[in-house]
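# Got a predicted model here, sequence first, then my questions.
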Amino acid sequence: VAVKMLPRLSAGYEIPVSIISPVSEATTNLAAFAESLFGLDYPEFEVIVVIDTDDSETLAQLQAAFELVMFPEAYWRQVRARTVHSVYRSPRMPALRVLDKKPGGPGDAINAGINAARYPIVCIAYAGSVLKRDSLRRLVPDFLEDASTIAAGTAEHAANGSFIVNGFLERCRLSGNPLIWMQASAHLRRDLCNRYGWAVPNAMLTFSDRFCAFRKEAVVQVGGCMRTAVNPIIELLARLHRSNTVSDRRYRIAFLPAPVLWRLTPVTPRAVCRTVRREHSVLADALNTNRGLFWGRNSGVVGHLAFQFSKLTEVAGPTIELLARAFFVSGFEEVLIDSQDLIVLAVCAAGLGVLVSWLAILIDALVFRTYQSVGTYLLLLISAIFENVGFRQVTALCALPGLRRRAANHAGMSKQRPAEHQATD
């Protein structure tokens, strides 16, 4: 991990990148975000903003900010996407292109951007993401240093309370809201102990969709993003695993644990619950759509171990955890379990979670130093206790409604194979 923090040998030989920013809903700060992308420290890239909404104000704010003019341009349709009405260019920023298309969802917007992309690496960057000036330079070198790399993702941190100047993070801090601290602790454990751990044997099934990169050729080969997916990026990641293992192609999906991406996290219990429910649904949808990866031919670690682990601990985990707690409490009430044994079990379960969180926080403090203050890390260590005792149990309850809805729709969904990706099955 520490070696990856050193300057890359590929400096000066970077691959040109097409940055795609899909917009599927009205966004007030879109123009500011698009302009901030041109402040990235990278030698050659283009920015493609794909407007996938009927809201005329979205296009109007870009036209006012960049003096956009309609430009007749050939559009090579390599993957399926809805009709692009017009392409706009900016005399002030020649590397900017804006696509105005028929609404079709985030996956369809990304596909349209891939069709318009000129460079071999496509980077997805959603409006609202907070980057550092060297974020793109840190993300892309894996594609040059290893020709088999087809995707690269990053860790995600909480931006609440940080100093942000011209769209870029200058100093990372955390606000005083306890929910922010507990979410920050959970993010560190998820990224450094889960995602990065699975990335080592090339079995990572999720990373942040807010800022990630793909080799364009590999994405086109599997048919682009699935337009009906809950989260097209996470579904695409699972499908890349499935397609390449079935074809027995050598490939690699890289993960950058260094702090290069931040976003504002929810600050109210209701918003936190909605976020947890959506993240849970995203992974369940991606795994169900690509269930052929389960113990598939040549699937290796990702199909024989990571797929089952994710299904058991992340998809079914909240249900198993709540049922286990209900079982032990009922056993205690029926005098089937001794109170002393129940206390020891509860302490061990909570203690193991706290230990894993503490290890992630210490790794970040010693290697990445995301936060400058020692006091911040001490408070994170304390927050990790409450995150594992209380916060985690409440978020498990938040995931249950999504489980019930998916169980009700599972029979119907399993019979509907997406026509746009039948060739890759």
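Yes, it's here.
# drop to CA atoms for contacts and neighbour counts, all remaining ones
Will do.
# ok, the residue of the chain most remote from its centre to Leu342 distance?
Of all residues in the chain, Val335 has its C-alpha farthest from the mean position, at 45.5 Å, by C-alpha atoms, centre = their mean. Counting by C-alpha to C-alpha, to the nearest Å, the gap between Val335 and Leu342 amounts to 11 Å.
# Then Phe294?
On the measure of C-alpha to C-alpha, Phe294 and Leu342 end up 36 Å apart.
# what about these two, which has more around it?
The residue with the greater number of neighbours, taking Phe294 and Leu342 and applying other C-alpha atoms under 10 Å, is Phe294; the counts read 19 against 15.
# Quick check on that one: phi, psi?
When quoted as degrees, to the nearest 10, the phi and psi of Phe294 stand at phi -60, psi 110.
# Tell me where the stretch 151-300 of the chain has strands.
Counting by DSSP state E, counting those that start in this stretch, the stretch 151-300 of the chain has strands at residues 157-158, 163-165, 168-171, 211-215, 252-256, 261-263.
# can you tell which of these is closest to Gln393?
Shortest separation from Gln393 across the strands of the stretch 151-300 of the chain is recorded for strand 157-158, at 20.9 Å, computed as C-alpha to C-alpha.
# List of residues touching that closest one?
Strand 157-158 is contacted from outside by 174, 180, 183-184, 187-188, 259, 261-265, using C-alpha atoms under 8 Å, 6 or more residues apart in numbering.
# Which two of those have the greatest separation?
Comparing the members of the contacts of strand 157-158, the greatest separation, given C-alpha to C-alpha, is between Ile180 and Pro259, at 16.9 Å.
# The two - which one has more neighbours?
The residue with more neighbours, out of Ile180 and Pro259, is Ile180; 23 against 20, by other C-alpha under 10 Å.
# Distance-wise, check the more buried one relative to Thr275.
Ile180 is 13 Å from Thr275, where distance means C-alpha to C-alpha.
# swap in Ala324?
Taken as C-alpha to C-alpha, the spacing of Ala324 relative to Thr275 amounts to 24 Å.
# which of those two has more neighbours?
Taking other C-alpha under 10 Å, Ala324 and Thr275 do not tie; Thr275 has more neighbours (17 against 12).
# Common neighbours of Ile180 and Thr275, please.
Listed as contacting both Ile180 and Thr275 by C-alpha under 8 Å, 6+ apart are Pro266.
# Ser247: how many residues sit nearby?
12.
# That one and Val222, how far apart?
If you measure Ser247 against Val222 using C-alpha to C-alpha, the figure is 11 Å.
# now swap in Phe143 and tell me
For Phe143, the distance to Val222 - C-alpha to C-alpha - is 18 Å.
# again with Leu336
In this view, Leu336 and Val222 are 54 Å apart by C-alpha to C-alpha.
# out of those two, which sits in the busier spot?
Val222 (21 against 11).
# From what I see, that one and Leu240 are in contact.
Yes. Taking C-alpha atoms under 8 Å as the definition, Val222 is a contact partner of Leu240 at 7.1 Å.
# residues in contact with the residue nearest the centre of the chain?
Averaging the C-alpha coordinates of the chain gives a centre point, and the residue nearest to it by C-alpha atoms, centre = their mean is Ser208 (1.7 Å). Residues in contact with Ser208, defined by C-alpha under 8 Å, 6+ apart, are 153-156.
# Need the phi and psi values for it.
phi -70, psi 130.
# ok, Gly296 - how many residues close by?
Neighbour count of Gly296, defined by other C-alpha under 10 Å: 15.
# Tell me how far it lies from Ala186.
Between Gly296 and Ala186 the distance is 31 Å, computed by C-alpha to C-alpha.
# Where do the helices of the stretch 51-200 of the chain begin and end?
Taking DSSP state H, counting those that start in this stretch as the test, the helices found in the stretch 51-200 of the chain are 56-66, 106-116, 135-139, 141-145, 178-188, 196-199.
# Now render those as TSV, adding mean pLDDT.
Written out in TSV, the entries for the helices of the stretch 51-200 of the chain read as follows (pLDDT from 0 to 100):
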stretch	mean pLDDT
helix 56-66	91
helix 106-116	96
helix 135-139	94
helix 141-145	92
helix 178-188	96
helix 196-199	94
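# Pick the most buried one from those helices.
Each of the helices of the stretch 51-200 of the chain was given a mean neighbour count from mean count of other C-alpha atoms under 10 Å, and the largest, a mean of 27, is that of helix 106-116.
# so how far is it off the chain centroid?
Computed by C-alpha atoms, centre = their mean, to the nearest Å, the chain-centroid distance of helix 106-116 equals 17 Å.
# before we move on, back to that, doesn't the residue farthest from the centre of the chain belong to a helix?
No. When DSSP: H, G, I helix; E, B strand; the rest coil is applied, Val335 is found to be coil, with no helix at that position.
# For Ala349, see how far away it is.
Summarising the geometry, the distance separating Val335 from Ala349, computed by C-alpha to C-alpha, is 21 Å.
# before we move on, the earlier item: so which of the helices of the stretch 51-200 of the chain gets nearest Phe328?
When those are compared by C-alpha to C-alpha, helix 178-188 sits nearest Phe328, at 25.5 Å.
# other SSEs contacting the closest one?
For helix 178-188, the packing partners by 3 or more C-alpha pairs under 8 Å, 6 or more residues apart in numbering; DSSP states H and E come out as strand 157-158, helix 339-363, helix 374-386.
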